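Student: Fold the stuff below for me.
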Amino acid sequence: MRFTTILISLSILFLPAADPASKKPAKKKAAAASTFPQKACTSSFVDKTGAVVVKPAVTVLTGFTEGRARFKEKDKCGFIDRKGKIAIAATYDEARDFSEGLSVVKIGSAWGFIDKKGKTVIDPVFYYAGSFAEGLAPVGLEYPYTYPKPKAGWAGTGLLASLGLFPVAPMTFPEPPPPRFGFIDHAGKMTIPLEYDCAGEFHDGLAIVCNYYSRGYIDPKGTVVIPPQFGSDYWFSQGLCQAWTDDNKKVGFMDKTGKVVLDRKYDDAGPFKGGLAWVKIKGAFGYIDKKGKLAIAAAWDYADDFSEGRARVEKDKTWGFVDEKGKVVVKPSYDWVSSFSEGLAAVRKGEKAGYIDKDGNVAIALTHRTTDAFSEGLGLVLDCTP
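Tutor: Got it, this is the predicted structure:
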């Protein structure tokens with residue numbers, strides 16, 4: 001089974017860099033080729049000819065997203081611009097890629113939002129904050145759930161009391177109650193109240209929410225579209241979403257009404273991309289179409305989502321690619337590959353990495369220590385001294 005959160009007792013503990021309402025992601029093979037080795041290494045960005053066009057003075061962690069790339073310096077996170085200059089100083093304990101013009105950042109134990117100039121646009125007052133998607137971001141607050149944060153402090157239960165969700169008089173709990181989750185807009189306004197035990201980002205018009213152990217889905221207006229009833233949760237993609245049996249042993253797909261439209265008979269499954277979803281059948285991976293027909297035989301040791309008409313597949317611990325008809329277009333021969341992005345895929349053999357095109361031709365020679373997927377016209381590479 002594959003997605004992102006772990007629910008612990010009545011409170012939900014979220015991995016900071018992950019969507020709190022998602023289960024654990026499908027068993028994605030770790031992008032080991034992007035891990036920085038413990039050597040004297042420098043990161044830089046290459047164009048599609050392989051020429052180094054940006055050479056930052058800091059160690060960059062990610063490719064560019066909305067013109068900014070994250071870096072880390074002395075255990076703090078910041079951002080560089082496309083010229084390799086520091087655009088936002090490394091002052092944050094954690095930071096996520098920009099989405100819809102804002103980045104989620106963590107200062108101490110609180111999350112907030114900054115713009116591309118590093119200006120704080122939504123104060124860091126949240127127990128949890130997800131990235132903006134489709135105009136909204138999920139946020140969580142600890143008891144007493146007061147938002148916005150009053151200048152005098154956090155006393156009182158003003159917001160929920162005003163919404164009639166809790167009595168105005170203080171409540172008595174043997175232990176502090178768990179955090180509550182809702183959604184804010186770009187102005188920081190709470191547009192969907194703090195009504196849930198967890199909440200995830202919007203995808204395909206719906207967001208995961210949960211009450212206690214049960215997950216359901218809401219639309220951007222906060223209307224419950226699929227009532228909380230599931231023990232596992234995934235994002236919708238191309239109108240469908242994985243739906244597990246109550247014992248989490250078999251999975252199928254449901255539509256946006258919550259109706260199971262593809263039988264729950266698979267050992268595991270991924271999201272639909274390009275009209276196909278990978279499925280696991282008796283230990284092997286293949287692909288089905290949106291009618292449930294097996295479009296690509298289950299003959300692989302591992303298979304991943306389609307991207308740009310190609311899907312990375314593994315056989316006998318080597319990686320290659322298939323097209324949407326199941327044809328092997330790149331024979332498994334690499335120790336690691338990324339999904340295709342902007343026409344190229346990062347690949348590695350031994351300790352040498354580079355890029356190939358969709359036909360398997362080497363586009364950028366395997367001369368780097370590691371390479372990462374292209375983003376906004378540039379590929380992040382790492383080179384190390386012996």
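Student: can I assume Val52 is in contact with Ser43?
Tutor: No: using C-beta atoms under 8 Å, Val52 is not in contact with Ser43, being 10.5 Å away. Every C-beta, even on glycine, is put in place using the N, C-alpha and C of the backbone.
Student: Now list whatever residues contact both of those two.
Tutor: Val381 (C-beta atoms under 8 Å, 6 or more residues apart in numbering).
Student: Look at the two and report which has more neighbours.
Tutor: Ser43 (22 against 11; other C-beta atoms under 10 Å).
Student: Over to Phe181. Which of the three states is it?
Tutor: Put simply, Phe181 is strand when judged by DSSP: H, G, I helix; E, B strand; the rest coil.
Student: Now name the helix or strand holding the residue nearest to Gly182 when sequence neighbours are not counted.
Tutor: For Gly182, ignoring the flanking residues on the chain, the nearest one in space by C-beta to C-beta, 6 or more residues apart in numbering is Leu194 at 4.1 Å. Assigned by DSSP states H and E, Leu194 belongs to strand 190-196.
Student: Show me what that strand is in contact with.
Tutor: Contacts to strand 190-196, defined as C-beta under 8 Å, 6+ apart, come from residues 136, 139-141, 145, 147, 159-160, 163, 165, 180-185, 209-211, 218, 222.
Student: Quick one: buried ones out of those residues?
Tutor: 136, 139-141, 145, 147, 159-160, 180-184, 209-210, 218 (16 or more other C-beta atoms under 10 Å).
Student: Okay, and which of the residues you listed map to strands?
Tutor: Among the buried ones among the contacts of strand 190-196, DSSP state E puts Val139, Gly140, Leu141, Arg180, Phe181, Gly182, Phe183, Ile184, Val209, Cys210, Ile218 in strands.
Student: Please name the bridge partners of the fourth one.
Tutor: Translated: Arg180. Arg180 has these beta-bridge partners by DSSP bridges: Leu141.
Student: helix/strand/coil for Thr42?
Tutor: strand.
Student: Hmm, it is touching Thr370, no?
Tutor: No: Thr42 is beyond contact range of Thr370, at 11.7 Å (criterion: C-beta under 8 Å).
Student: any common contacting residues for those two?
Tutor: By C-beta under 8 Å, 6+ apart, Thr42 and Thr370 have these common neighbours: Leu382.
Student: Who has more neighbours out of these two?
Tutor: When neighbours are counted by other C-beta under 10 Å, Thr42 and Thr370 differ, and Thr370 comes out ahead with 24 against 16.
Student: Now do that one, the pLDDT please.
Tutor: pLDDT, Thr370: 95.
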